[in-house]
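>>> got a predicted model here, sequence first, then my questions.
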Amino acid sequence: MSTPSPAPSAAAAANDAAQGSGQLQWADIVQQLGAEIAGPLSTALERIHSLINTGQIDRQSLRALRESVSQAREAGMVGQQLARLASGRLRLSRERLHLTQLLRGVLAHRSRETQARGVQVRQMLKPVEVIADGALMFSLLNALMDWALAGTHSSIDLRLDLTPWPVKARLVCRFANRALDMADDPYAADASQSAGLNSLAWRLVEQTALTMGVQPVREDEHGITVLILEFAHPVSDEPGFSDAQPDLDALAGAPNTLPLETHQHSGNSKPLAGSHLLIVTGSRELQQQILAAVAHMGLIIDLVTSAEEAATFCQDGLPHGILFDTAQRGPALDTLRAGVLREVPNFSFVEVLDGDQAMLPSSASADGLGRIARRDLAELLPSMLLFEMARGI
């Protein structure tokens, strides 16, 4: 009688998935997306029915309802980013990126979130440059942080260095995937834990890396998860490679020199896909104008009606940019902006003006605020956000 072969580990399953059939893999992702949206929404619906039947809801139930809706929303947003990767229409750029600075910028951006969760991020980062698509690299690093923050039970260790020949940049993410008091228990890794590590957040990390030509290698052993990503290291004499980069500051000379996007958007016309924009205005009409102007950009958007609400929103984590109505100017906004800029000096703030002023990039304004007239939103806002939010990446 033959001995049954052992079941594959979660890491083996994850790595096999990265190498498996594309069609079957995307079918699994669609199924998982449906489950991760439907599950929290079903829980939320049950709580709503309970509220209707009893006419009462306590603070704990209200918090649980909010968390369920938030989970479904996050799954939907991840689904949008996965759909972009699945389109097959991305045209990857080849840029010289300072990966160390980019990673430190992402960590600075996420510092409020990590502190709110009580997670320490330990960094061992050597100065490293890579050749990669800048927008996808930014998305990958943020997706990596989303996945690690959801999976860790203590801290997150990030190490960035170079491999021996052939030289590549190696990013290693390590965290404990179960509580420390269960680390030595071989039976502690139950199905729910495995599902957490192989969540949609992991799928986004995996698919973004594969789209960039990077094979993610993951190991889950003895309560510890280790993910290794290796990127091509730039070599000056590499055929066809040019390290010439567009100088964003050069655009500051004339306010209206930002390149306009055409209305025929290609599959790669969403370089900010997955980036998070917070809109601050009490005007519903202005909200609709802004939403219509950026509808094609793949942004994750939240709306608040006042600077005070924006400050509360930002307590647990920062968006990638804040667009606000000029009517919001005042002490509350000034305090919020000063606090954010202390943490992320290149953070993007854009003011929407009521008058006929010409568009002004932040690099050309005395106070570092980007400004755009309301009349120009439909035509110029996408290009301005691309300029301003790219500066913060």
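Perfect, I can see it now. Since we're looking at a predicted model, the values are computed, not measured.

>>> check contacts around Leu318.
Counting by CB atoms under 8 Å, 6 or more residues apart in numbering, Leu318 touches 109-110, 112-113, 340, 343-344, 347. Every C-beta, even on glycine, is put in place using the N, C-alpha and C of the backbone.

>>> for Leu82, see how far away it is.
Counting by CB to CB, to the nearest Å, the gap from Leu318 to Leu82 is 23 Å.

>>> ok, now Gln328?
Distance from Gln328 to Leu82, by CB to CB: 34 Å.

>>> Glu388 now?
Separation of Glu388 from Leu82 (CB to CB) stands at 26 Å.

>>> higher neighbour count, the two?
Neighbours were counted for Glu388 and for Leu82 using other CB atoms under 10 Å; Glu388 has more, 25 against 21.

>>> wait, the more buried one sits on Val350?
Yes: taking contacts as CB atoms under 8 Å, Glu388 lies within contact range of Val350: 5.8 Å.

>>> common neighbours of the two, please.
Taking CB under 8 Å, 6+ apart as the criterion, Glu388 and Val350 both touch 321, 362, 370.

>>> residues in contact with the last one?
What that stands for is Gly370. By CB under 8 Å, 6+ apart, Gly370 lies in contact with 348-351, 360-362, 384, 387-388.

>>> show me which pair in those is furthest apart.
Greatest spatial distance in the contacts of Gly370: Glu351 and Phe387, 14.7 Å, computed using CB to CB.

>>> domain assignment for this protein?
Domain segmentation of the chain under automatic domain parsing yields 10-86, 95-232, 270-392.

>>> make JSON lines out of the ones you listed and add mean pLDDT.
Listed next are the domains of the chain as JSON lines, based on pLDDT from 0 to 100:
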{"stretch": "domain 10-86", "mean pLDDT": "78"}
{"stretch": "domain 95-232", "mean pLDDT": "87"}
{"stretch": "domain 270-392", "mean pLDDT": "89"}
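
>>> what subset of the contacts of Leu318 is buried?
Neighbour counting over the contacts of Leu318 (16 or more other CB atoms under 10 Å) leaves 109-110, 112-113, 340, 344, 347 as the buried ones.

>>> so which of the residues you listed belong to helices?
109, 112-113, 340 (DSSP state H).

>>> nearest residue to the residue positioned nearest the centre of the chain other than its sequence neighbours?
In the chain, the centroid-proximal residue (CA atoms, centre = their mean) is Asn142; its distance is 4.1 Å. The spatially closest residue to Asn142, leaving aside those adjacent along the chain, is Val106, at 6.0 Å (CB to CB, 6 or more residues apart in numbering).

>>> check which helices and strands the helix or strand harbouring that neighbour is in contact with.
In this structure, Val106 sits in helix 99-109 according to DSSP states H and E. Using 3 or more CB pairs under 8 Å, 6 or more residues apart in numbering; DSSP states H and E, the elements in contact with helix 99-109 are strand 120-125, strand 129-132, helix 134-151, strand 155-162, strand 168-176.

>>> which of those has the highest mean neighbour count?
The highest mean neighbour count among the helices and strands packed on helix 99-109, using mean count of other CB atoms under 10 Å, belongs to helix 134-151: a mean of 22.

>>> which helices and strands does that helix pack with?
Helices and strands touching helix 134-151, by 3+ CB pairs under 8 Å, 6+ apart, are strand 95-98, helix 99-109, helix 111-117, strand 168-176, helix 191-197, helix 200-211, strand 224-232.

>>> could you give the angle of it to strand 120-125?
With axes from the mean of the first three to the mean of the last three CA atoms, to 10 degrees applied, the angle from helix 134-151 to strand 120-125 works out at 140 degrees.

>>> tell me what angle helix 134-151 forms with helix 200-211.
In terms of direction (the same axes, to 10 degrees), helix 134-151 departs from helix 200-211 by 150 degrees.

>>> what angle do helix 134-151 and helix 99-109 make?
50 degrees.
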